[in-house]
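Novice: could you look at this predicted model? Sequence included:
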Amino acid sequence: MAFSSIKPQRSLVEEVCARIASEIRDEIAGGDGWLPPERNLALKLGVSRPVIREATKRLELQGLLEVKHGVGTKVVDKLHKPLNGSLALLIPDDKERLRQLIQVRFMIEPENARLAAEHASVAQIRKLRAALKKLEEADGYDAAVDADMTFHRELAIASGNQIAALLLHSLSDLMQVGLTRGYSRVSTTNSVREHAAILAAIEKRDAAAAAKAMREHLYTAEADLALPKTKKSR
C-alpha cells in the first residue's frame with residue numbers, strides 16, 4: 001500500500017501574509033506606498049480584521065511594512081533590519097562582532113565581485129563608477145563611509161544574486177561601524193586604489209581578477225581595524 005506525503009496547509013494568516021507580500025513587491029521596487037485601510041483590506045481579501053492585523057504585524061517584523069498608528073500601514077524596504085537589530089544581542093563584544101563580520105565578508109564578497117564581473121549591466125557599472133568617484137572626492141570619513149558602503153551595496157546588486165545582496169544589506173549597520181573605525185584611523189588612499197582595481201576587473205569582465213581584488217581589499221580592511229589576521233589561502 002503506497003502513501004503519499006502529507007503537505008501541511010498554511011494558516012489563514014500565512015496565506016494573507018503571502019498575498020499582501022506579493023501585492024506590495026512592485027511598491028517596494030517603485031517607491032514607498034501605503035496599504036488600504038484595515039477594514040477595506042479585510043473586505044477585499046474576505047477575512048476578518050484580526051487576521052489582517054496579525055498578518056501586518058508579522059510583515060512589519062519582517063521589515064516589509066511599517067504600522068503608523070492613527071495614520072496607516074506603510075510599505076517599506078527594511079528586510080535587513082531584523083538581523084541588524086539582533087547582532088548586538090547575539091555577540092555583545094564589539095571587536096568580536098567586527099572580527100566575525102570580516103570573516104563573513106570574505107565568504108560573500110569575493111564571490112559577489114566574481115558574479116558582478118560576469119553579470120553587471122552597463123547601468124550597474126555606471127553606479128559603481130559613481131560610488132568610486134564619491135569615495136575619491138570624500139572630504140571626511142563620514143562621506144568616505146557612505147561612499148564605501150554604496151560601492152559594496154551596488155556591487156552586491158550587480159552580482160545578480162538577490163539573497164547575497166540582502167545578506168550584505170543585513171550587515172549594513174555593523175559594516176558602518178567597522179568602516180567608521182577604519183576610516184578614523186587611516187586615509188582613503190588604499191581604499192580608493194583597491195575599489196578602483198575591483199571595478200577595473202569588473203569592467204574587463206575578468207571574474208577571477210575581480211574576486212582576487214576583492215580579497216586583497218578585505219585583507220586591507222581587516223588590517224585597518226587592527227583585528228586578528230585572517231590566514232590567506234594558498
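Specialist: Looks like it came in fine.
Novice: which stretches of the protein form helices?
Specialist: When secondary structure is read from DSSP state H, the chain shows helices at 12-30, 38-45, 49-61, 81-90, 94-119, 122-136, 141-158, 162-170, 172-183, 189-203, 207-224.
Novice: let's have these in a markdown table, adding distance to Thr73.
Specialist: For glycine as for every other residue, the C-beta is placed from the backbone atoms N, C-alpha and C. Listed next are these as a markdown table, based on distance: least, Cβ to Cβ, whole Å:
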| stretch | distance to Thr73 |
| --- | --- |
| helix 12-30 | 9 |
| helix 38-45 | 8 |
| helix 49-61 | 6 |
| helix 81-90 | 16 |
| helix 94-119 | 33 |
| helix 122-136 | 31 |
| helix 141-158 | 27 |
| helix 162-170 | 22 |
| helix 172-183 | 24 |
| helix 189-203 | 39 |
| helix 207-224 | 39 |
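Novice: of those helices, which shows the lowest average pLDDT?
Specialist: Least confidently modelled of the helices of the chain is helix 81-90, at a mean of 64 by mean pLDDT.
Novice: circling back: and the helices of the chain, which is most packed in?
Specialist: Among the helices of the chain, helix 141-158 has the highest mean neighbour count (mean count of other Cβ atoms under 10 Å), at a mean of 21.
Novice: work out which residue lies at the spatial centre of this structure.
Specialist: His169 (1.5 Å; Cα atoms, centre = their mean).
Novice: that one and Leu155 touch, don't they?
Specialist: No. Look at His169 against Leu155 with Cβ atoms under 8 Å: they stay out of range, at 11.9 Å.
Novice: that older thread, now the residue nearest to the centre of the chain: how far from Gln162?
Specialist: Here His169 is placed at a distance of 10 Å from Gln162 (Cβ to Cβ, to the nearest Å).
Novice: with Ala120 instead?
Specialist: Relative to Gln162, Ala120 is positioned 14 Å away (Cβ to Cβ).
Novice: check Leu12 too.
Specialist: To Gln162, Leu12 is 28 Å away according to Cβ to Cβ.
Novice: please apply the same query to Ala18.
Specialist: For Ala18, the distance to Gln162 (Cβ to Cβ) stands at 18 Å.
Novice: again with Asp148
Specialist: With Cβ to Cβ as the criterion, Asp148 and Gln162 are 22 Å apart.
Novice: repeat for Ala55
Specialist: 23 Å.
Novice: what does the pLDDT read for the residue nearest to Gly72 when sequence neighbours are not counted?
Specialist: Nearest residue to Gly72, sequence neighbours excluded (Cβ to Cβ, 6 or more residues apart in numbering): Trp34, at 5.2 Å. Trp34 carries a pLDDT value of 85.
Novice: residues near Trp34, how many?
Specialist: A count of neighbours around Trp34, defined by other Cβ atoms under 10 Å, yields 14.
Novice: try Thr188
Specialist: Thr188 has 21 nearby residues by other Cβ under 10 Å.
Novice: just checking, it touches Gly140?
Specialist: No. Counting by Cβ under 8 Å, Thr188 stays clear of Gly140, with 9.8 Å between them.
Novice: surely His195 and Thr220 touch.
Specialist: No. Contact status for His195 versus Thr220: not in contact, 10.6 Å apart, counting by Cβ under 8 Å.
Novice: any idea how far Ala144 is from Glu137?
Specialist: For Glu137, the distance to Ala144 equals 10 Å [Cβ to Cβ].
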